[in-house]
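**Student:** starting from these lines, generate the structure:
(one chain, ligands or ions: 2)
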Amino acid sequence: MSIHLSAQPGQIAETVLLPGDPLRATHIAETFFDNPTLHNTVRGMNGYTGTYRGQRVSVQGTGMGIASSMIYVNELIQDYGCKTLIRVGTAGSYQEHVHVRDVVLAQAACTDSNINTIRFGAKTFAPIADFGLLERAARLARERGHATHVGNIMSSDTFYHDDFEQYRLWAQYGVLAVEMEAAGLYTLAAKYGVRALTILTISDHLVTREETTAEERQSTFHAMIEIALDAALGL
Ligand SMILES: O=P(O)(O)O[C@H]1O[C@H](CO)[C@@H](O)[C@H]1O
Ligand SMILES: O=c1cc[nH]c(=O)[nH]1
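**Tutor:** Ligands and ions are numbered 1, 2, ... in the order given. As a prediction, the model looks like this:
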């Protein structure tokens, strides 16, 4: 047991998928895992372990934002020995050519969060994905023909910005989309020497203002989940 997870030692697999939404965790376990067992309900943050194509795998909801998700990532690595952490999340597109339902593989994550100012002061740290995982995921996405983009994203502490248009600066620098956790995940993965990747599905569009429903966000977006599970096979 850790402070925020009630799983017993050994109950969580070395590979963990990390959706922000705990109900997406339930959906993933029920749809993709064989023999899933629920190992956490503390704070309603559902976590399950099962097998996928014969390999043990877990899924753990992290809540929204870097602050919440880093608590789970810390405990999964330090208390449960997890080695491969793949976030499967939703994101808002910053770019006209990155459409709703497209997949984004986050090669790196900018952030407006203070997490790395606290660590590194005025010097900046570049939070990046594990290259091996990224390469596997990119190959799988290409083979499956799913509209997929690889590049930089923004992990923001703020969902509702006072100035909606502030995203345009990041868009000018080629940032593809915004979510709220990847920079924290990548930073902790670097600190502890484990693999991490963030795979996102575009759920809404800051340029066109197109949106998906909460139901779609919770239970569809299967392409990214299959890419995440298959990219981790054999690791
Ligand atoms: O769909 P999830 O994984 O929660 O990810 C995105 O959705 C939430 C905001 O609606 C934030 O957590 C953001 O990162
Ligand atoms: O953080 C997020 C997630 C989805 N859509 C957004 O606009 N922001």
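
**Student:** this structure: helices as residue ranges?
**Tutor:** Remark: helices assigned in the chain by DSSP state H are 22-32, 66-78, 115-120, 131-144, 167-172, 182-192, 214-219, 222-231.

**Student:** in CSV: the ones you listed, plus distance to ligand 1.
**Tutor:** Every C-beta, even on glycine, is put in place using the N, C-alpha and C of the backbone. Formatted as CSV, those follow (distance: least, CB to the nearest ligand atom, whole Å):
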stretch, distance to ligand 1
helix 22-32, 7
helix 66-78, 8
helix 115-120, 15
helix 131-144, 16
helix 167-172, 14
helix 182-192, 8
helix 214-219, 6
helix 222-231, 10
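
**Student:** so what pLDDT did the residue most central in space within the chain get?
**Tutor:** Among the residues of the chain, the one closest to the centroid is residue 87, at 2.1 Å (CA atoms, centre = their mean). For residue 87, the model assigns a pLDDT of 98.

**Student:** ok, it to residue 93 distance?
**Tutor:** Per CB to CB, to the nearest Å, residue 87 is found 17 Å from residue 93.

**Student:** closest residue of this protein to ligand 1?
**Tutor:** Ligand 1 sits closest to residue 20 of the chain, with a gap of 2.1 Å, by CB to the nearest ligand atom.

**Student:** least confident of the helices of the chain, on average?
**Tutor:** Among the helices of the chain, helix 214-219 has the lowest mean pLDDT, at a mean of 78.

**Student:** so what's residue 92 bridging to?
**Tutor:** On the basis of DSSP bridges, residue 92 is bridged to residue 178, residue 204.

**Student:** and it, how far from residue 210?
**Tutor:** Taken as CB to CB, the span from residue 92 to residue 210 is 10 Å.

**Student:** what touches both of the two?
**Tutor:** Residues touching both residue 92 and residue 210 (CB atoms under 8 Å, 6 or more residues apart in numbering): residue 204.

**Student:** which of these two has more residues huddled nearby?
**Tutor:** The neighbour count for residue 92 versus residue 210, taken as other CB atoms under 10 Å, is higher for residue 92 (21 against 14).

**Student:** now for the more buried one: which residues touch it?
**Tutor:** So residue 92 contacts 177, 178, 179, 202, 203, 204, 205, 206 (CB under 8 Å, 6+ apart).

**Student:** what residues are up against the fourth one?
**Tutor:** For residue 202, the contacting residues are 90, 91, 92, 93, 98, 99, 100, 101, 102, 103, 104, 177, taking CB under 8 Å, 6+ apart as the criterion.

**Student:** tell me which of these is nearest to residue 214?
**Tutor:** Ranked by distance to residue 214 (CB to CB), those are led by residue 90 at 10.1 Å.

**Student:** that closest one - nearest residue in space that isn't next to it in sequence?
**Tutor:** residue 203 (3.7 Å; CB to CB, 6 or more residues apart in numbering).

**Student:** in contact with that neighbour, which residues?
**Tutor:** 90, 91, 92, 100, 211, 212, 216, 217, 221.

**Student:** apply 6 Å and report the result again.
**Tutor:** 90, 212, 217 (CB atoms under 6 Å, 6 or more residues apart in numbering).

**Student:** scan these and report the most crowded one.
**Tutor:** Counting neighbours by other CB under 10 Å, residue 90 leads these with 22 neighbours.

**Student:** was I right to think it contacts residue 218?
**Tutor:** No - Residue 90 is beyond contact range of residue 218, at 9.5 Å (criterion: CB atoms under 6 Å).

**Student:** which bits of the chain sit near ligand 2?
**Tutor:** 90, 91, 92, 159, 178, 179, 180, 203, 204 (CB under 6 Å from any ligand atom).
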